[in-house]
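Student: sequence first, predicted model second:
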Amino acid sequence: MASKITVKAPSSTANLGPGFDVFGLALNAFYDEITLTKTKSGITIITDGNVPTNPEKNTAGLVVKNMKKKFKIKEGIEIKIKKGVPAGFGMGSSAASAAAAAVAFDKLFRLKLDGNSLVEFAGSGEKASAGTIHYDNVAASVLGGFVIVKTNPLDVIRVEPPTNLRMCIAVPDIGVPKKKTKVSRGVIPKKIKFTDSILNLSNAAAIVAGFMKKDLELIGNSIKDVIVEPARQHMIPGFTKVKQNALKAGALGVTISGAGPSVIAFSKSSSNLKKISKAMSKGFESTNTKCQIIICKPSKGAINKK
Ligand code: ADP
(Lines give C-alpha, C1' and ligand atoms only; values in the text may rest on other atoms or scores of the structure.)
Protein backbone atom coordinates (compact mmCIF):
# COMPACT_ATOMS: atom_id res chain seq x y z
CA MET A 1 0.00 0.00 0.00
CA ALA A 2 1.26 3.50 -0.82
CA SER A 3 2.39 5.52 2.17
CA LYS A 4 1.63 8.90 0.65
CA ILE A 5 -1.10 10.46 -1.51
CA THR A 6 -1.90 13.91 -2.91
CA VAL A 7 -5.39 15.18 -3.77
CA LYS A 8 -6.55 18.54 -5.13
CA ALA A 9 -10.00 20.03 -4.38
CA PRO A 10 -11.60 23.12 -5.91
CA SER A 11 -13.01 26.30 -4.42
CA SER A 12 -16.80 26.59 -4.43
CA THR A 13 -19.71 28.97 -4.01
CA ALA A 14 -22.53 28.02 -1.67
CA ASN A 15 -26.21 28.98 -1.53
CA LEU A 16 -26.59 30.53 -5.04
CA GLY A 17 -29.18 32.85 -3.49
CA PRO A 18 -32.19 30.91 -2.22
CA GLY A 19 -30.43 27.55 -1.71
CA PHE A 20 -29.00 28.26 1.74
CA ASP A 21 -27.04 25.22 2.98
CA VAL A 22 -28.48 23.23 0.06
CA PHE A 23 -26.81 24.41 -3.18
CA GLY A 24 -23.14 24.41 -4.04
CA LEU A 25 -21.15 24.94 -7.21
CA ALA A 26 -17.50 23.95 -7.65
CA LEU A 27 -15.37 26.75 -9.13
CA ASN A 28 -12.09 26.46 -11.02
CA ALA A 29 -10.85 29.72 -9.44
CA PHE A 30 -8.57 28.14 -6.80
CA TYR A 31 -7.54 24.72 -5.51
CA ASP A 32 -6.23 23.34 -2.22
CA GLU A 33 -3.78 20.46 -2.38
CA ILE A 34 -3.48 17.99 0.45
CA THR A 35 -0.76 15.37 0.85
CA LEU A 36 -1.31 12.67 3.45
CA THR A 37 1.70 10.67 4.57
CA LYS A 38 1.60 7.72 6.96
CA THR A 39 3.70 8.22 10.10
CA LYS A 40 4.22 6.29 13.33
CA SER A 41 1.56 8.01 15.40
CA GLY A 42 -0.63 11.09 15.90
CA ILE A 43 -1.81 13.76 13.46
CA THR A 44 0.48 16.59 12.44
CA ILE A 45 -0.25 19.49 10.10
CA ILE A 46 2.22 21.37 7.92
CA THR A 47 0.87 24.26 5.86
CA ASP A 48 1.95 27.25 3.80
CA GLY A 49 -1.36 28.96 4.59
CA ASN A 50 -2.55 31.11 7.45
CA VAL A 51 -4.79 28.39 8.91
CA PRO A 52 -4.74 26.61 12.26
CA THR A 53 -2.25 23.75 12.65
CA ASN A 54 -4.05 22.22 15.60
CA PRO A 55 -5.83 19.20 14.00
CA GLU A 56 -9.00 19.87 16.02
CA LYS A 57 -9.20 23.43 14.67
CA ASN A 58 -8.25 22.68 11.08
CA THR A 59 -10.96 21.26 8.83
CA ALA A 60 -8.58 18.79 7.16
CA GLY A 61 -7.22 17.78 10.56
CA LEU A 62 -10.69 17.14 11.93
CA VAL A 63 -11.66 15.06 8.89
CA VAL A 64 -8.54 12.91 9.30
CA LYS A 65 -9.19 12.56 13.03
CA ASN A 66 -12.81 11.48 12.45
CA MET A 67 -11.91 9.03 9.67
CA LYS A 68 -9.01 7.57 11.66
CA LYS A 69 -11.36 6.92 14.56
CA LYS A 70 -14.18 5.52 12.43
CA PHE A 71 -11.94 3.08 10.54
CA LYS A 72 -9.82 2.24 13.61
CA ILE A 73 -6.57 3.25 11.94
CA LYS A 74 -3.63 3.04 14.33
CA GLU A 75 -0.96 4.65 12.13
CA GLY A 76 -0.21 8.33 12.42
CA ILE A 77 -0.76 10.82 9.60
CA GLU A 78 1.06 13.92 8.47
CA ILE A 79 -1.19 16.37 6.64
CA LYS A 80 0.53 18.78 4.26
CA ILE A 81 -1.83 21.55 3.14
CA LYS A 82 -0.93 23.70 0.14
CA LYS A 83 -3.52 26.48 0.41
CA GLY A 84 -4.76 27.86 -2.86
CA VAL A 85 -8.24 28.98 -1.81
CA PRO A 86 -8.07 32.24 0.19
CA ALA A 87 -9.66 31.65 3.60
CA GLY A 88 -12.69 33.55 4.77
CA PHE A 89 -13.89 35.16 1.53
CA GLY A 90 -16.87 32.95 0.72
CA MET A 91 -15.17 30.58 -1.68
CA GLY A 92 -15.23 27.46 0.44
CA SER A 93 -11.65 27.55 1.62
CA SER A 94 -12.09 25.37 4.69
CA ALA A 95 -14.30 23.04 2.64
CA ALA A 96 -11.67 22.55 -0.08
CA SER A 97 -9.18 21.35 2.55
CA ALA A 98 -11.81 19.11 4.15
CA ALA A 99 -12.87 17.63 0.81
CA ALA A 100 -9.31 16.94 -0.32
CA ALA A 101 -8.53 15.38 3.06
CA ALA A 102 -11.54 13.02 2.94
CA VAL A 103 -10.78 11.89 -0.61
CA ALA A 104 -7.06 11.49 0.12
CA PHE A 105 -7.75 9.45 3.26
CA ASP A 106 -10.13 7.21 1.33
CA LYS A 107 -7.46 6.59 -1.32
CA LEU A 108 -4.58 6.14 1.13
CA PHE A 109 -6.39 3.40 3.04
CA ARG A 110 -8.30 2.01 0.02
CA LEU A 111 -11.64 2.45 1.71
CA LYS A 112 -13.59 2.83 -1.56
CA LEU A 113 -16.24 5.01 0.07
CA ASP A 114 -19.12 6.29 -2.06
CA GLY A 115 -19.73 9.99 -2.81
CA ASN A 116 -22.23 10.53 0.00
CA SER A 117 -19.89 9.03 2.62
CA LEU A 118 -16.99 11.16 1.41
CA VAL A 119 -19.18 14.26 1.62
CA GLU A 120 -20.32 13.23 5.10
CA PHE A 121 -16.74 12.93 6.39
CA ALA A 122 -15.67 16.13 4.65
CA GLY A 123 -18.67 17.94 6.17
CA SER A 124 -17.71 16.75 9.65
CA GLY A 125 -14.54 18.83 9.27
CA GLU A 126 -16.51 22.06 8.74
CA LYS A 127 -17.22 22.08 12.46
CA ALA A 128 -13.64 23.28 12.91
CA SER A 129 -14.34 26.50 10.99
CA ALA A 130 -18.07 27.21 11.09
CA GLY A 131 -18.92 25.70 14.46
CA THR A 132 -21.59 23.58 12.80
CA ILE A 133 -21.58 20.93 10.12
CA HIS A 134 -22.81 22.00 6.69
CA TYR A 135 -22.37 20.18 3.43
CA ASP A 136 -22.96 22.66 0.58
CA ASN A 137 -19.32 23.65 -0.04
CA VAL A 138 -17.79 20.25 0.72
CA ALA A 139 -20.31 18.47 -1.54
CA ALA A 140 -19.33 20.74 -4.44
CA SER A 141 -15.61 20.34 -3.68
CA VAL A 142 -15.81 16.55 -3.45
CA LEU A 143 -18.12 15.86 -6.39
CA GLY A 144 -17.64 18.91 -8.63
CA GLY A 145 -20.33 20.65 -10.68
CA PHE A 146 -23.64 21.81 -9.19
CA VAL A 147 -24.86 19.98 -6.11
CA ILE A 148 -28.09 19.76 -4.16
CA VAL A 149 -27.69 18.59 -0.57
CA LYS A 150 -30.51 16.57 0.99
CA THR A 151 -30.06 15.78 4.68
CA ASN A 152 -31.49 13.20 7.09
CA PRO A 153 -30.23 10.99 5.57
CA LEU A 154 -27.49 12.77 3.63
CA ASP A 155 -27.94 12.38 -0.11
CA VAL A 156 -26.17 14.64 -2.56
CA ILE A 157 -27.52 15.06 -6.06
CA ARG A 158 -25.03 16.25 -8.64
CA VAL A 159 -25.94 18.00 -11.88
CA GLU A 160 -23.46 18.78 -14.63
CA PRO A 161 -23.56 22.58 -15.14
CA PRO A 162 -24.03 24.18 -18.57
CA THR A 163 -20.65 24.52 -20.30
CA ASN A 164 -21.20 28.19 -21.11
CA LEU A 165 -21.78 29.22 -17.49
CA ARG A 166 -19.30 31.80 -16.22
CA MET A 167 -18.93 33.57 -12.89
CA CYS A 168 -17.40 36.95 -12.05
CA ILE A 169 -16.45 37.10 -8.39
CA ALA A 170 -15.55 40.35 -6.69
CA VAL A 171 -13.49 39.75 -3.56
CA PRO A 172 -13.43 42.93 -1.46
CA ASP A 173 -10.26 43.88 0.31
CA ILE A 174 -11.79 44.08 3.77
CA GLY A 175 -10.82 42.45 7.04
CA VAL A 176 -12.97 39.45 7.82
CA PRO A 177 -13.70 38.41 11.39
CA LYS A 178 -11.84 35.30 12.57
CA LYS A 179 -15.03 33.32 12.97
CA LYS A 180 -16.68 34.93 9.94
CA THR A 181 -18.83 31.97 8.93
CA LYS A 182 -20.05 31.63 12.51
CA VAL A 183 -20.72 35.39 12.72
CA SER A 184 -22.57 35.51 9.42
CA ARG A 185 -24.65 32.47 10.36
CA GLY A 186 -25.57 34.34 13.54
CA VAL A 187 -27.36 37.18 11.67
CA ILE A 188 -29.77 34.88 9.85
CA PRO A 189 -33.36 35.29 11.10
CA LYS A 190 -34.63 32.50 13.34
CA LYS A 191 -38.20 32.99 12.14
CA ILE A 192 -39.24 33.80 8.59
CA LYS A 193 -42.47 34.81 6.88
CA PHE A 194 -44.32 32.00 5.15
CA THR A 195 -44.62 34.11 1.99
CA ASP A 196 -40.83 34.61 1.96
CA SER A 197 -40.24 30.89 2.24
CA ILE A 198 -42.53 30.33 -0.75
CA LEU A 199 -40.64 32.92 -2.79
CA ASN A 200 -37.28 31.34 -1.98
CA LEU A 201 -38.62 27.85 -2.59
CA SER A 202 -39.95 28.81 -6.03
CA ASN A 203 -36.64 30.39 -7.01
CA ALA A 204 -34.63 27.45 -5.67
CA ALA A 205 -36.78 25.01 -7.62
CA ALA A 206 -36.32 27.14 -10.74
CA ILE A 207 -32.52 27.14 -10.30
CA VAL A 208 -32.53 23.34 -10.24
CA ALA A 209 -34.69 23.31 -13.38
CA GLY A 210 -32.28 25.81 -14.94
CA PHE A 211 -29.30 23.52 -14.32
CA MET A 212 -31.21 20.46 -15.58
CA LYS A 213 -32.37 22.27 -18.73
CA LYS A 214 -29.02 24.06 -19.14
CA ASP A 215 -30.96 27.31 -19.25
CA LEU A 216 -28.67 30.09 -18.06
CA GLU A 217 -31.37 32.80 -18.09
CA LEU A 218 -33.54 30.67 -15.81
CA ILE A 219 -30.63 30.02 -13.44
CA GLY A 220 -29.66 33.72 -13.38
CA ASN A 221 -33.09 35.26 -12.94
CA SER A 222 -33.89 32.80 -10.14
CA ILE A 223 -30.84 33.78 -8.08
CA LYS A 224 -33.08 35.79 -5.76
CA ASP A 225 -33.04 35.38 -2.02
CA VAL A 226 -35.43 37.32 0.21
CA ILE A 227 -34.34 35.66 3.45
CA VAL A 228 -30.56 35.41 3.95
CA GLU A 229 -29.20 38.06 1.57
CA PRO A 230 -31.16 40.95 3.15
CA ALA A 231 -29.95 39.88 6.60
CA ARG A 232 -26.30 39.66 5.57
CA GLN A 233 -25.79 42.42 3.02
CA HIS A 234 -24.90 45.05 5.64
CA MET A 235 -21.69 43.10 6.23
CA ILE A 236 -20.52 43.91 2.69
CA PRO A 237 -19.77 47.61 2.03
CA GLY A 238 -21.44 48.73 -1.20
CA PHE A 239 -23.26 45.44 -1.80
CA THR A 240 -26.41 47.00 -3.31
CA LYS A 241 -24.36 49.09 -5.75
CA VAL A 242 -22.12 46.15 -6.73
CA LYS A 243 -25.21 44.05 -7.45
CA GLN A 244 -27.05 46.78 -9.36
CA ASN A 245 -23.95 47.57 -11.44
CA ALA A 246 -23.35 43.94 -12.37
CA LEU A 247 -26.97 43.44 -13.42
CA LYS A 248 -26.87 46.64 -15.49
CA ALA A 249 -23.68 45.40 -17.17
CA GLY A 250 -25.45 42.24 -18.26
CA ALA A 251 -25.04 39.70 -15.42
CA LEU A 252 -27.92 37.23 -15.28
CA GLY A 253 -28.02 37.03 -11.49
CA VAL A 254 -25.99 38.35 -8.56
CA THR A 255 -25.73 37.35 -4.91
CA ILE A 256 -23.38 36.89 -1.96
CA SER A 257 -20.97 33.99 -2.45
CA GLY A 258 -21.48 31.67 0.51
CA ALA A 259 -21.16 33.59 3.76
CA GLY A 260 -19.47 36.48 1.91
CA PRO A 261 -17.94 38.97 1.68
CA SER A 262 -17.34 38.09 -1.99
CA VAL A 263 -20.10 38.93 -4.44
CA ILE A 264 -20.75 36.54 -7.32
CA ALA A 265 -22.32 37.36 -10.68
CA PHE A 266 -23.57 34.57 -12.94
CA SER A 267 -23.24 35.11 -16.66
CA LYS A 268 -22.86 33.51 -20.08
CA SER A 269 -19.50 32.92 -21.71
CA SER A 270 -20.73 35.20 -24.51
CA SER A 271 -21.50 38.12 -22.17
CA ASN A 272 -19.05 40.92 -21.65
CA LEU A 273 -17.35 39.53 -18.53
CA LYS A 274 -14.82 42.38 -18.41
CA LYS A 275 -17.66 44.91 -18.39
CA ILE A 276 -19.42 43.06 -15.57
CA SER A 277 -16.17 42.83 -13.59
CA LYS A 278 -15.46 46.54 -14.01
CA ALA A 279 -19.00 47.41 -12.98
CA MET A 280 -18.57 45.36 -9.80
CA SER A 281 -15.23 47.03 -9.01
CA LYS A 282 -16.87 50.43 -9.45
CA GLY A 283 -19.61 49.40 -7.05
CA PHE A 284 -17.06 48.61 -4.37
CA GLU A 285 -15.12 51.79 -5.18
CA SER A 286 -18.24 53.80 -4.31
CA THR A 287 -17.48 52.91 -0.67
CA ASN A 288 -13.71 53.26 -1.10
CA THR A 289 -13.25 49.51 -1.05
CA LYS A 290 -10.76 47.84 -3.35
CA CYS A 291 -11.58 44.43 -4.74
CA GLN A 292 -9.99 41.61 -6.66
CA ILE A 293 -11.91 40.18 -9.61
CA ILE A 294 -11.92 36.53 -10.56
CA ILE A 295 -13.57 35.18 -13.68
CA CYS A 296 -14.16 31.45 -13.46
CA LYS A 297 -16.06 28.39 -14.64
CA PRO A 298 -17.55 25.37 -12.88
CA SER A 299 -14.95 22.78 -11.86
CA LYS A 300 -14.66 19.03 -11.53
CA GLY A 301 -14.44 17.73 -7.99
CA ALA A 302 -11.71 16.11 -5.90
CA ILE A 303 -12.83 12.66 -6.95
CA ASN A 304 -12.66 13.71 -10.59
CA LYS A 305 -16.14 12.56 -11.40
CA LYS A 306 -17.43 13.75 -14.76
P1 ADP B 1 -14.94 30.69 3.42
O2 ADP B 1 -15.88 29.64 2.89
O3 ADP B 1 -15.50 32.04 3.34
O4 ADP B 1 -13.56 30.57 2.87
P5 ADP B 1 -14.55 29.21 5.61
O6 ADP B 1 -15.82 28.57 6.00
O7 ADP B 1 -13.62 28.44 4.75
O8 ADP B 1 -14.83 30.53 4.95
O9 ADP B 1 -13.84 29.61 6.95
C10 ADP B 1 -12.56 30.10 7.02
C11 ADP B 1 -12.11 29.89 8.47
O12 ADP B 1 -11.88 28.51 8.68
C13 ADP B 1 -10.83 30.61 8.77
O14 ADP B 1 -11.04 31.30 9.99
C15 ADP B 1 -9.81 29.54 8.98
O16 ADP B 1 -8.90 29.83 10.01
C17 ADP B 1 -10.65 28.32 9.35
N18 ADP B 1 -10.03 27.09 8.85
C19 ADP B 1 -9.79 25.97 9.56
N20 ADP B 1 -9.17 25.05 8.79
C21 ADP B 1 -9.00 25.58 7.59
C22 ADP B 1 -8.42 25.11 6.40
N23 ADP B 1 -7.83 23.93 6.32
N24 ADP B 1 -8.44 25.92 5.36
C25 ADP B 1 -9.01 27.15 5.45
N26 ADP B 1 -9.57 27.65 6.54
C27 ADP B 1 -9.56 26.88 7.62
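Tutor: Thanks, I have the structure now.

Student: what strand or helix carries Gly175?
Tutor: Secondary structure from DSSP states H and E places Gly175 outside every helix and strand.

Student: which residues does it contact?
Tutor: Residues counted as contacts of Gly175 (CB atoms under 8 Å, 6 or more residues apart in numbering): none. From N, CA and C alone the C-beta is placed, and that goes for glycine too.

Student: for it, what are phi and psi?
Tutor: phi -70, psi 140 (degrees, to the nearest 10).

Student: once you drop chain neighbours, what's closest to Thr270?
Tutor: Rather than Thr, residue 270 is Ser. Nearest residue to Ser270 in three dimensions, chain neighbours excluded: Asn164, at 7.0 Å (CB to CB, 6 or more residues apart in numbering).

Student: residue contacts, the one you found?
Tutor: Leu216, Lys268, Ser269, Ser270.

Student: what of Ser94?
Tutor: Contact analysis of Ser94 by CB under 8 Å, 6+ apart lists Val51, Thr59, Ala87, Gly125, Glu126, Ala128, Ser129, Ala130, Asn137, Thr181.

Student: distance-wise, check it relative to the ligand.
Tutor: From Ser94 across to the ligand, the span is 3 Å (CB to the nearest ligand atom, to the nearest Å).

Student: ramachandran angles for the residue nearest to Ser270?
Tutor: phi -100, psi 20.

Student: next one, pLDDT for the residue of the stretch 101-250 of the chain found nearest the ligand please.
Tutor: Here the residue of the stretch 101-250 of the chain nearest the ligand is Ser129; by CB to the nearest ligand atom that distance is 3.0 Å. What the model reports for Ser129 is a pLDDT of 87.

Student: now do the helix or strand it falls within: everything it contacts.
Tutor: Following DSSP H and E, one finds Ser129 within helix 127-130. By CB under 8 Å, 6+ apart, the residues outside helix 127-130 that reach it are Pro52, Glu56, Lys57, Asn58, Thr59, Gly61, Leu62, Ser94, Ile133, Thr181, Lys182, Arg185.

Student: what is the burial count for the fifth one?
Tutor: Look at Thr59: counted by other CB atoms under 10 Å, it has 33 neighbours.

Student: now do the contacts for it.
Tutor: Ser94, Ala95, Ser97, Ala98, Ala101, Gly125, Glu126, Ala128, Ser129.

Student: what element comes up after the longest strand seen in the chain heading to the C-terminus?
Tutor: Counting by DSSP state E, the longest strand found in the chain is strand 23-39. Per DSSP H and E, the first helix or strand lying C-terminal to strand 23-39 is strand 43-47.
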